[in-house]
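1. Got a predicted model here, sequence first, then my questions.
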Amino acid sequence: MNLSTRYLGLDLKHPIVASSSPQSKTLDGIRRLADAGAAAITLFSLFEEQIRAEQESVDFLIGRTTYSSAESLSYFPQSAEYSVGPGEYLELIYQATQAVDVPIIASLNGITEHGWVDYAKDMVDAGARAIELNIFFLPVDIMTTSQEVEEQYVRVVETVSSAVSVPITVKLSPYFSSTGHMARRLVEAGAKGLVLFNRFYQPDFDVEGRVVQSRLDLSQPSEIRLPLLWISVLFDRLHCSLAATTGVHSSLEVVKYLMAGADAVMTTSSLLKHGEGHIATLLTDLQEWMSSHGFESVEQMKGSMSLKNCAEPEAFVRSNYLKVLQSYSGHR
């Protein structure tokens, strides 16, 4: 059985990739992920604010906008909350590439095109085989237009992709008014891959303590449906790799994503919940499912349930929407 796949021009022994997580913050954690069988490892994100030493800007924002409301101070991180600095991150990339024999993908998290280029080059020099751009930009200014948001993403991708020799992939937001069009623009700007989708973590309020709570909730399998839809829509329509993330807890989610058209399937929540050894479980169960259903390779599965051969994808999505609403009976 051939489980190999190709993602960002990298030949992977199978499609299961360890996505950005706290498990990749140390060399020991990276070794454990590789030993457990991860086909590639995406490191935890380094923030633009760390690279640009923008704490002064954060201090300015705090001083200008929040001292009138003390509760709002808890929105902003302090410098000490960044656990690893830029120099340490580069050293970790170098050490990881020397210690494991799977591709190491660096991750940059930010919102502007400034301050990334030189550091992206340094990541490549340290041994990163690709760079994932995690662009966290949620416009809360009601005067910001959708065109301005899209242009911001495009500028970041153009700037970084033109400066480095390794492939760039973008961890895409699901909040664009035309997701397919935006995906196409990012590929035209230089992205060699798209990761669907970035989970934007919204704050919660502790109304008794009157502070903002920042809590990370692990993904659930039910969250698979939105990325599953868009991977099936984009499959074979863009000249780029597609990676699926969100909701991958069992081989069933891996199978669904592959049949939608994903080249790689990423997981973090299941590994945080079950440990790095869960990768072996996912692989074993994937092979058993493929064997029992007559699939001899991942390539044979890939895109077999995509919308590639659907004459009217919009009509299909609309009819499915109507069918779901009309099928609910209220009884379990």
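-> Perfect, I can see it now. What you see is a predicted model; the values in this text were computed from it and never measured.
2. Can you show me the helices along the protein?
-> For the chain, the helices defined by DSSP state H cover 27-36, 48-51, 55-65, 86-99, 117-126, 146-161, 179-188, 225-234, 251-260, 269-274, 278-292, 298-301, 313-327.
3. Any chance of TSV for those, columns mean pLDDT, distance to residue 245 and mean neighbour count?
-> (Each C-beta comes from the backbone N, C-alpha and C, glycine too.) As requested, those are arranged in TSV below (pLDDT from 0 to 100; distance: least, CB to CB, whole Å; neighbours: other CB atoms under 10 Å):
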stretch	mean pLDDT	distance to residue 245	mean neighbour count
helix 27-36	97	15	18
helix 48-51	68	21	20
helix 55-65	44	28	12
helix 86-99	94	20	17
helix 117-126	89	20	18
helix 146-161	92	18	17
helix 179-188	96	15	18
helix 225-234	94	7	21
helix 251-260	97	9	23
helix 269-274	93	10	18
helix 278-292	97	14	17
helix 298-301	96	17	19
helix 313-327	61	21	10
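4. Show me the one of those helices that comes nearest residue 195.
-> Using CB to CB as the criterion, the shortest distance between residue 195 and the helices of the chain is 9.0 Å, found for helix 225-234.
5. quick one: contacts of the closest one?
-> Contacts made with helix 225-234 from outside it, assessed by CB atoms under 8 Å, 6 or more residues apart in numbering, are listed as 174, 179-180, 183, 194, 196-197, 242, 244-247, 256-257, 260-262, 303, 305-307, 313, 317.
6. hmm, back to that, let's have the helices of the chain in TSV, adding distance to residue 217.
-> Listed next are these as TSV, based on distance: least, CB to CB, whole Å:
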stretch	distance to residue 217
helix 27-36	21
helix 48-51	24
helix 55-65	25
helix 86-99	26
helix 117-126	29
helix 146-161	25
helix 179-188	23
helix 225-234	16
helix 251-260	17
helix 269-274	9
helix 278-292	18
helix 298-301	30
helix 313-327	24
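7. Residue 133: which of these is closest?
-> Taking CB to CB as the criterion, helix 146-161 is the member of the helices of the chain that comes nearest to residue 133, at 6.3 Å.
8. nearest residue to residue 304 other than its sequence neighbours?
-> Nearest residue to residue 304 in three dimensions, chain neighbours excluded: residue 259, at 5.0 Å (CB to CB, 6 or more residues apart in numbering).
9. show me the contacts for the one you found.
-> If a contact means CB under 8 Å, 6+ apart, then residue 259 has 301-306 as its contacts.
10. What's the local residue count around residue 108?
-> Counted with other CB atoms under 10 Å, the neighbours of residue 108 add up to 24.
11. Just the pLDDT at it, thanks.
-> Per-residue confidence (pLDDT) for residue 108: 90.
12. hang on, the earlier thing: by neighbours, which of the contacts of residue 259 wins?
-> Counting neighbours by other CB under 10 Å, the top entry in the contacts of residue 259 is residue 301, with 24 neighbours.
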